[in-house]
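In: Make a model of this:
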Amino acid sequence: MEHPALFDTPDAALERLRAVCLAFPEAVEVLAWGRPTFRAGKKIFITAGASMDRPHSIVFKPDPEERRALAQDARFFIPPYYGPAGWLAIDFDTPQTDWVELSELVETSYRQVALKRQLVQLDRWRAPGAPEASK
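Out: Below you'll find the model as predicted:
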């Protein structure tokens, strides 16, 4: 059974999220379960759309040391299916969305699943004086 698409196109919030996610080394977008997923290699680091009733949310893998603090913040919630494995979710289409914080959460999630060579490349891009990132 095919899952229905969760997003209409164009979707400005999803486009902004897509730009953040695809900026990481070798990041790709794969449609799965009717939702855009963003992957480092074959591993998912972001799923857009935690549930049908919260389509404009991201499911991400937090740093294990930060998870408890994040989970106590009312903006975050435990998503279906992913929650028992330690993942969290947050809405990304509200007027209060802090895109700097959201980008940091995306990077942390990417770092949890990325291959060593992808992390080396990311750290090179982040180094002071490094040339502009290019895939």
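
In: Run through the bridge partners of residue 28.
Out: Note on residue 28: beta-bridge partners residue 39, judged by DSSP bridges.

In: so who does it touch?
Out: With contacts defined as Cβ atoms under 8 Å, 6 or more residues apart in numbering, the neighbours of residue 28 are 22, 38-39. Backbone N, C-alpha and C define where each C-beta goes, glycine included.

In: buried subset of those?
Out: When those are checked for burial by 16 or more other Cβ atoms under 10 Å, the buried set is 38-39.

In: could I get the contacts of residue 28 as CSV with distance to residue 87 and pLDDT?
Out: Conversion of the contacts of residue 28 to CSV gives the following (distance: Cβ to Cβ, whole Å; pLDDT from 0 to 100):
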residue, distance to residue 87, pLDDT
22, 20, 97
38, 13, 97
39, 14, 98
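
In: from the contacts of residue 28, which single one is nearest residue 107?
Out: residue 38 (11.7 Å; Cβ to Cβ).

In: What residues are bridge-paired with the residue most central in space within the chain?
Out: Of all residues in the chain, the one closest to the mean position by Cα atoms, centre = their mean is residue 46, 3.1 Å from it. Beta bridges link residue 46 to residue 38, residue 60 when assigned by DSSP bridges.

In: what residue ranges in the protein are flagged as low confidence?
Out: In the predicted model, the chain carries pLDDT under 70 at residues 1-9, 50, 52, 129-135.
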